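**Student:** got a predicted structure here, sequence first:
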Amino acid sequence: MAATIYDIIQMTMVACGGTVTGSTAMQKLLYFQSLKIPEVHAVINDHVHRYYGPFSRNVQGALLSLASFDLIRIELRSWGNDGYVYRFSEGGEGCARRAAEKYAATYDQICGIVQMCRDACGLRGIVMSCAAKSHHIMVENDEHGYDADQMSSMVESAWRMDPSDARAGAKLLRSLDLTR
């Protein structure tokens, strides 16, 4: 049996140390995983355009389901892209660790992607958002041959992003090998 969207979200949270800060960060971690891990893409493949980059309604629904079953807690810290904090409930971490053991190969790949994002930008949602937007636009405009730096520059100006965040987004795309 393959991992479910619930397993994938929980394994992502384990890889992040039990807490993910920001709905943007959560969505983008899962977006990158869906691009790099076939097992994740099989269950998370519904990304649509949103202001903060590719967004999955299925991920959002699964997060709410996990909260309703008291496996995770969703706390509102403040309004904005880092406003939500996702944490395990008391019983949730054990359930997530069992999923990580059951799907060890997928979990190892998830850990690798989380580590690349941590190294490139400290899991900051705004940087991952810039990278995801750049990648999404690059794929849609493949015939123009834009590279990660050109796309980050365009995304920076279009969304009025901090230039250092845009550069960090381009670095993240290179580390994830998503520049083409």
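**Tutor:** Everything's here; your move.
**Student:** can you classify the closest residue to residue 4 other than its chain neighbours as helix, strand or coil?
**Tutor:** Excluding its sequence neighbours, the residue lying closest to residue 4 (CB to CB, 6 or more residues apart in numbering) is residue 43, at 6.5 Å. No exception for glycine: its C-beta is placed from N, CA and C like everyone else's. Of the three states, residue 43 takes coil under DSSP: H, G, I helix; E, B strand; the rest coil.
**Student:** quick one: contacts for residue 43?
**Tutor:** 2, 3, 4, 5, 8, 58 (CB atoms under 8 Å, 6 or more residues apart in numbering).
**Student:** which phi and psi does it have?
**Tutor:** Taking degrees, to the nearest 10, you get phi -110, psi -20 for the backbone angles of residue 43.
**Student:** quick one: which helix or strand includes the residue nearest the centre of the chain?
**Tutor:** Central residue of the chain (CA atoms, centre = their mean): residue 29, 1.5 Å from the mean position. With secondary structure defined by DSSP states H and E, residue 29 is part of helix 23-36.
**Student:** please name every helix or strand in contact with the helix or strand where residue 63 lies.
**Tutor:** Per DSSP H and E, residue 63 falls inside helix 57-68. Packing partners of helix 57-68 (3 or more CB pairs under 8 Å, 6 or more residues apart in numbering; DSSP states H and E): helix 5-15, helix 23-36, strand 72-76.
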